[in-house]
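K.L.:
task: produce atomic coordinates for the following.
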Amino acid sequence: MKIAQILPALNVGGVETGTVDLAKALKKRGHEPLVISSGGPLVDELVKAGIPHIELPVHQKSLFSLRLVRELAALIERERIDVLHARSRVPAWLAYFAVRRTRCDFVTTCHGYYSKHLLSRVMGWGKRVIVTSHSIGRRMIDDFGVSPGQITLIHRGVDLSLYSFQPNKYDRKPKGPFIIIHVGRITPVKGQDEFIRAVHLLSKRIPAIEVWIVGGPDQGKDAYFRDLKLMVSRLGLEAVVKFLGTRRDVPELIRQADLLVLSSKIPEAFGRVLIEAGAVGTAVAASRIGGILDVVDEGQNGLLFSPEHFEEMAETMERLLRDRPLCKRLSAALHEKVKRQFSLEQMVDKTCQVYEEVRRQKNILIVKLGAMGDLVLAIPGVRMVRAQFPKAHIALLVDSKLIPLVERCPYIDEFIAFDRKKDFAVKRLLTVGKWLRHRSFDVSIDLQNTWKTHALAFLAQIPKRFGYRRGLLGSLLTHPVTEWNRSLSPIEHQFQVLRRAGVHKFDDEMELWTEPKADEEMTRLLRTAGFEQKKYTVGLFLGASPQWPTKQWPAENFKELARRLIDEMDCLVVLLGTGEDSPIVKSFGDALASRVLDETGKTNLTQLVSLIKYLDVIVTGDTAPLHIASAVNTKIVALFGPTEPKRHMPPGNGHIALVKRISCQPCYHGHCTNSKHLECLRAITVDEVASAIERQLHP
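P.N.:
Sure, this is the predicted structure:
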């Protein structure tokens, strides 16, 4: 793989050193690493290792930096970069927008306890978000809304072969003063001010100490640095405290010290210097917060203190300096933990695994909100996507009311509920788009194909957006299908989009999964109704969608058909529909109604599917039960009025569609304009339907 890491600069520091270490290790493993930054002292190490460095001003916190997005995207394409790994916020924004234009995958590592600022949010938008400690992982989940499944914990690691452990370091007292080292950028969050106050207290108890403060001031922190120097002067510590500035030999300095102190005031992401201390065998005292707790187990391999209490910090340092056996025990335990958990080899193994997973695993969003029948028809399409991309994470954005219908589908990893009544409002649409954006989907396949679903995929900033171009907002699709062939069947119609998305094999077998509990309930219902004493069980779906009253076969026809099925064919007749179809049932009259099983408005979605499965034949219009019946292998007699059977009949052998080809059929109107109201459906006689049922029962 070709892997690029991007960070503001390659100055001397924990993040920067880790970046260089990882690049070197990747090269040894046969990968092609490169690093993008604004430059710095560590560039020389990359050059010596034969690793390319691309110098770009990716450190600048300015809107003008966005002009680099195009240049960065061109670099990704030119170098054929597979993974772009962002290690800091400003470069992460540039990387995020650049990868949206390419086939490259985006990974982030959270090295800090970021403030809940808009600038920080991009660190949670990686296809995979690496965190260096448990506390940072919890922060990204709780405060930035990152999905737990998106997060991978990878502690920093050091190359232990470069460190010399001193097992006998604390067997004797030092010849000179005790050396205490503090390593970190000069910035208030690192707590150098509280550390100096603690040193002042300590110097009164143990005069023979020397303190090394290693690190340079952060940008804009020069005033803080001056204040620290002034504090040292006022406290009379000039002979004790030495500011060593930025150093390239930090591990050697830690090796020489008797004690490493980390006094961070806000949760550290990790603290590389702690594992460097463990590698060389130097005792540590650190703040009781953040990622430090992933390394230091209090009283077992180090001591902890409250960072806001410099008196406690001073007492902790004094305890360690006076107790050499304690230092020996703690430093040895820390060394063992570093070998066990924080080696460079382990860090590289886990990071390479992340890279391989994001390259191998596509994150696919399929959009099919409804309606019920259309969702059932989408199942073959979902199965085709799964067959083409077996290791992909496939999420289905679907109407929350319809999830029970498909929640047992084995081809879908995740269901994302959508409330069509609320979520299509402009404000909610923006909110849902923002939430989806953070999920870092690689591909969206729009099987709903409305301008609103086109807009939703665009707002989610999904790089590849497939679907039929509908209206002006169809231009928001990156890979649109523009030709609308009305002669195709529903699943063939879907396949035009799927083929554009890389699906090669067509498969239109219908499929649906029943719920065991619903199966038991419907079996019990039919047994109570006496279906075992009847030759056949036939379902009549009485209703039609409120938007399509033109699909409603006359109530008197259903009544006569039910009578014939009972009297002439010895059938148990099951009436299906919603509560709104109860007037049709009432029209049957008490005598006939008592001879049928009326389940209109009495079944939920899962029960309806199970009940249809147990029917021998179902009579239905062009509505959802037509597709459900096909998916559960129930024989069908379909009554078509305003719509075209070739476009809407589900696949499968043996289905019967009855249609009358009058002059206005198909009209695709929800309201009939024919002078002979609903002539197309009224022309389908009870005799024809009864004959079709007979053919289905006796093929």
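
K.L.:
give me the neighbour count for Phe225.
P.N.:
Residues near Phe225, counting by other CB atoms under 10 Å, number 17. In this view, the C-beta of every residue, glycine as well, is placed from N, C-alpha and C.

K.L.:
over to Trp93?
P.N.:
Trp93: 22 neighbours (other CB under 10 Å).

K.L.:
and for Lys337?
P.N.:
By other CB under 10 Å, 18 other residues sit near Lys337.

K.L.:
contacting residues around it?
P.N.:
Contact analysis of Lys337 by CB atoms under 8 Å, 6 or more residues apart in numbering lists 278, 295, 297, 301.

K.L.:
same thing with Glu599?
P.N.:
525, 574-576, 611.

K.L.:
between the residues you listed, which has the most around it?
P.N.:
Most surrounded of these: other CB under 10 Å gives Leu611, at 30 neighbours.

K.L.:
can you pull the phi/psi pair for the closest residue to that residue other than its chain neighbours?
P.N.:
Excluding the flanking residues, the one nearest Leu611 by CB to CB, 6 or more residues apart in numbering is Met522, at 4.6 Å. For Met522, the backbone dihedrals (degrees, to the nearest 10) come out as phi -70, psi -30.

K.L.:
wait, Met522 sits on Ser610?
P.N.:
Yes - assessed by CB atoms under 8 Å, Met522 is found in contact with Ser610 at 4.3 Å.

K.L.:
the residue nearest to Leu611: what's it in contact with?
P.N.:
With CB under 8 Å, 6+ apart, Met522 has these contacts: 607, 610-611, 613-614.

K.L.:
what pLDDT does it get?
P.N.:
At Met522, the pLDDT value in this model is 96.

K.L.:
cool, and Arg255?
P.N.:
pLDDT recorded at Arg255 is 96.

K.L.:
isn't there a helix covering it?
P.N.:
Yes - assessed with DSSP: H, G, I helix; E, B strand; the rest coil, Arg255 lies in a helix.

K.L.:
that older thread, export the contacts of Glu599 as JSON lines, with columns for secondary structure and distance to Gly220.
P.N.:
JSON lines is the format used below for those (DSSP: H, G, I helix; E, B strand; the rest coil; distance: CB to CB, whole Å):
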{"residue": "Leu525", "secondary structure": "helix", "distance to Gly220": "74"}
{"residue": "Val574", "secondary structure": "strand", "distance to Gly220": "76"}
{"residue": "Leu575", "secondary structure": "strand", "distance to Gly220": "76"}
{"residue": "Leu576", "secondary structure": "strand", "distance to Gly220": "71"}
{"residue": "Leu611", "secondary structure": "helix", "distance to Gly220": "70"}
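
K.L.:
pick out whichever of the residues you listed sits closest to Trp451.
P.N.:
Leu576 (34.0 Å; CB to CB).

K.L.:
quick one, what contacts the residue nearest to that closest one when sequence neighbours are not counted?
P.N.:
Distance criterion CB to CB, 6+ apart; nearest residue to Leu576, sequence neighbours excluded, is Phe541 at 4.6 Å. Applying CB under 8 Å, 6+ apart, we find Phe541 in contact with 576-577, 618-621, 623, 625.

K.L.:
how near is Phe541 to Arg465?
P.N.:
In this view, Phe541 and Arg465 are 36 Å apart by CB to CB, to the nearest Å.

K.L.:
centroid residue for this protein?
P.N.:
Central residue of the chain (CA atoms, centre = their mean): Arg439, 3.8 Å from the mean position.
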